[in-house]
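Asks: okay, structure incoming, though there's no sequence with it:
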């Protein structure tokens, strides 16, 4: 299969001309422009990064489809990938029917992993929010008070706030690592981490925060990822509510599969590789 570094693609650039409010974009040496709306909002850093990645991937895929030899190689890989999923009876992972969709998936994954590797070389300081204490314990090491506060926080967020009626006590807690941020003994952020069915796969579940917009959610997720690395995980999987997908994407998680309903709320599978 062709590698990303073996494929050249045209550079794409764009800038805002403040004099006439036109956005000029250069593609393959040709200048194009369109008028910016008066009510347009400047794109966020995440949007800019996503557009840049999408542009790179699209250019590479176009180059593949323009070369019959490369396209044939990618088609063989696509068929092998689909057959492997069928052999494993994987009902969650997506099967690809075209070279374009499959190449887009593979190349975007490669580029995202490369970017995540760069970010890990210069990690964001894991600063503990002020006035909080972090506890990381296995179930057997939790005190009755700590367990009570964890279950109280889960009930408050998932049942009282989100109106999710489900069996919270699913026995997974017995074999999970529990990460909780405490303020004066009260849980303000929490997540549990446990091994999945696949070798090297760990799963994040029951993640919550009761104090929002204070950095608690980001901190508990950072620590959960670090704990998974300490446990020797190769990848992390979670079920994300669709309205918070962008939150997990900040930490290198990517979606896969289709949206599904869980406890009456739309969810999607997300995964993060720790092997690069």
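Replies: Alright, I've got the coordinates. Just so it is clear, the model here is predicted, and its values are computed rather than measured.
Asks: okay, and the closest residue in space to residue 172 that isn't next to it in sequence sits in which element?
Replies: In space, and not counting its chain neighbours, residue 172 is closest to residue 194: 5.7 Å by CB to CB, 6 or more residues apart in numbering. The way it works is simple: take the backbone N, C-alpha and C, and place the C-beta from them, glycine included. Using DSSP states H and E, residue 194 maps to strand 186-195.
Asks: now do the helices in the stretch 151-276 of the chain.
Replies: Applying DSSP state H, counting those that start in this stretch to the stretch 151-276 of the chain gives helices spanning 216-230, 245-249.
Asks: cool, and the stretch 1-150 of the chain?
Replies: Here the stretch 1-150 of the chain has its helices, by DSSP H, counting those that start in this stretch, at 45-66, 68-88, 99-121, 144-154.
Asks: could you check how far residue 201 is from residue 223?
Replies: Distance from residue 201 to residue 223, counting by CB to CB, to the nearest Å: 19 Å.
Asks: swap in residue 200?
Replies: Using CB to CB, we find residue 200 at a distance of 20 Å from residue 223.
Asks: one more: residue 67?
Replies: Counting by CB to CB, the gap from residue 67 to residue 223 is 46 Å.
Asks: so the two - more neighbours on which side?
Replies: The neighbour comparison of residue 67 against residue 223 (other CB atoms under 10 Å) goes to residue 223, with 19 against 13.
Asks: surely that one and residue 129 touch.
Replies: No: Residue 223 is beyond contact range of residue 129, at 11.4 Å (criterion: CB atoms under 8 Å).
Asks: ok, what's across the strand from the residue nearest to residue 172?
Replies: Residue 194 has these beta-bridge partners by DSSP bridges: residue 203.
Asks: so it sits against residue 202, correct?
Replies: Yes: counting by CB under 8 Å, residue 202 is a contact partner of residue 194 at 6.8 Å.
Asks: give the contact list for residue 234.
Replies: Residues near residue 234 by CB atoms under 8 Å, 6 or more residues apart in numbering: 199-201, 273-275.
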